[in-house]
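>>> From the sequence below, what's the structure:
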Amino acid sequence: MVLDVAVEAAREAGMFLKSSVGKVKNIETKEGEVRNMVSEIDRGSEEIIINRIKRQFPSHAILAEESGAHDTSAEYRWVIDPLDGTTNFLHEVPIFSVTIGVERMGEIVAGVVYDPNLDELFTAEKGSGSYLNGQRMRVSQTPELIHSLLVTGFPYDIARNPDHPADHFTNFLMEAQGIRRLGSAALDLSYVAAGRFDGFWEVQLQPWDMAAGVLFIREAGGRVTDFSGAPSTIFKKNVLASNGIIHDAMLRVLAQPRSL
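Sure thing, here's the model as predicted:
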């Protein structure tokens, strides 16, 4: 039932986003970061999602990117990013998504990522596998890092971030077949689950960036940890996800010293 509502909410919000491209009237920056932008479209999408959830589950809690935490005591909590890929959206680059994860007692049990531009719907329920438009997803079987296509993103505070994201990027350039940067972490993780990418890493992620995607990868047979190899949660900001086979090799690259 929660997955059905999440799908309906993601589709409705996604169609709103697609119809709003090029119609933004007001852009603001968040947290003093000139690169971290928000518009009335982000807020409108979030309102659509929350209203649909609250109609069906008025007692459920919400953790949303734009409006924050609405409650902390409920058994279920919905973790929402109404527009993942805001910079792309504002520049009319058609790579953005809606992402919704559902927690039960602190554990992600369902997730949805919807890409309205390609009409691709990624879904998962804990223990039941992950799916792309109804077809079962599996991670890739690429055996070596040198043959792997990786994906990453960069934090808004890249110039002063203490986790050295640019150095990690340089190190992986030397070790992988290729690296991409889409601008939507939710789609990055979904693509790893679908076998399109072999691995993903990023620093300074937020819970709503990965709540659904982490579940997708685990249900598709992949592995998700922090940069030390320890089990990860959506509240650990530095995340490594892969097909599992190249995971240890990626951990070794992340442990390399900073580039000169």
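>>> Point me to the residue sitting closest to the centre of the protein.
For the chain, the residue sitting closest to the mean C-alpha position, by Cα atoms, centre = their mean, is A186 at 2.3 Å.
>>> Tell me how far the spatially closest residue to that residue that is not a sequence neighbour lies from E8.
Nearest non-adjacent residue to A186, counting by Cβ to Cβ, 6 or more residues apart in numbering: T99, 3.8 Å away. For the C-beta atoms, the positions are set from N, CA and C on the backbone; glycine is no exception. Using Cβ to Cβ, to the nearest Å, one obtains 15 Å as the distance from T99 to E8.
>>> Quick check on these two: which one has the bigger neighbour count.
Taking T99 and E8 together and counting by other Cβ atoms under 10 Å, T99 has the greater number of neighbours (33 against 15).
>>> Buried residues in the helix or strand hosting that one, which are they?
Take DSSP states H and E as the rule and T99 turns out to sit in strand 97-104. Judged by neighbour count using 16 or more other Cβ atoms under 10 Å, the buried positions of strand 97-104 are S97, V98, T99, I100, G101, V102, E103.
>>> model confidence over the helix or strand where M15 lies, on average?
Taking DSSP H and E as the criterion, M15 maps to helix 2-20. Here helix 2-20 scores 96 as its mean pLDDT.
>>> how about it: buried residues?
Along helix 2-20, these residues count as buried under the neighbour rule (16+ other Cβ under 10 Å): 2-3, 5-7, 9-17, 20.
>>> just stretch 128-137 next, same as before
Within stretch 128-137, the residues that count as buried by 16+ other Cβ under 10 Å are S130, Y131, L132, M137.
>>> wouldn't L3 be in contact with T123 here?
Yes. When contacts are counted by Cβ atoms under 8 Å, L3 is listed as touching T123 (6.4 Å).
>>> okay, and the common contacts of the two?
Shared contacts of L3 and T123, defined by Cβ atoms under 8 Å, 6 or more residues apart in numbering, comprise A110, V112.
>>> For the stretch 101-250 of the chain, which segments count as helices?
The residue ranges that make up the helices of the stretch 101-250 of the chain, judged by DSSP state H, counting those that start in this stretch, are 165-173, 185-193, 207-219, 247-254.
>>> what does the last one rub up against?
Taking Cβ under 8 Å, 6+ apart as the criterion, the residues outside helix 247-254 that touch it are 144-145, 150, 168, 171-172, 175, 199, 201, 223, 225, 227-229, 240, 242.
>>> Buried only: go through those for me.
Among the contacts of helix 247-254, those that count as buried by neighbour count (16+ other Cβ under 10 Å) are 145, 150, 168, 171-172, 175, 199, 201, 223, 225, 227, 240, 242.
>>> of all these, which two lie farthest apart?
With Cβ to Cβ as the measure, no two of the buried ones among the contacts of helix 247-254 lie farther apart than N171 and R223, at 19.7 Å.
>>> just the strands in the stretch 1-150 of the chain please.
Counting by DSSP state E, counting those that start in this stretch, one finds strands in the stretch 1-150 of the chain at the ranges 27-30, 33-39, 61-64, 68-69, 76-84, 97-104, 107-115, 120-125, 130-132, 135-136, 149-152.
>>> Paired strands for the fifth one, with orientation please.
Its sheet considered, strand 76-84 pairs with strand 61-64 (parallel), strand 97-104 (antiparallel) by DSSP bridges.
>>> Dump those to a markdown table, plus distance to G195.
Written out in a markdown table, the entries for the strands paired with strand 76-84 read as follows (distance: least, Cβ to Cβ, whole Å):
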| stretch | distance to G195 |
| --- | --- |
| strand 61-64 | 29 |
| strand 97-104 | 18 |
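>>> hang on, the earlier thing: of all the strands of the stretch 1-150 of the chain, which lies closest to W208?
Evaluated over these, closeness to W208 peaks at strand 76-84, with 3.9 Å, by Cβ to Cβ.
>>> any chance of the strands of the stretch 1-150 of the chain in TSV, plus distance to S45?
Rendered in TSV, the data for the strands of the stretch 1-150 of the chain read as follows (distance: least, Cβ to Cβ, whole Å):
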stretch	distance to S45
strand 27-30	15
strand 33-39	10
strand 61-64	10
strand 68-69	16
strand 76-84	4
strand 97-104	7
strand 107-115	11
strand 120-125	16
strand 130-132	22
strand 135-136	26
strand 149-152	24
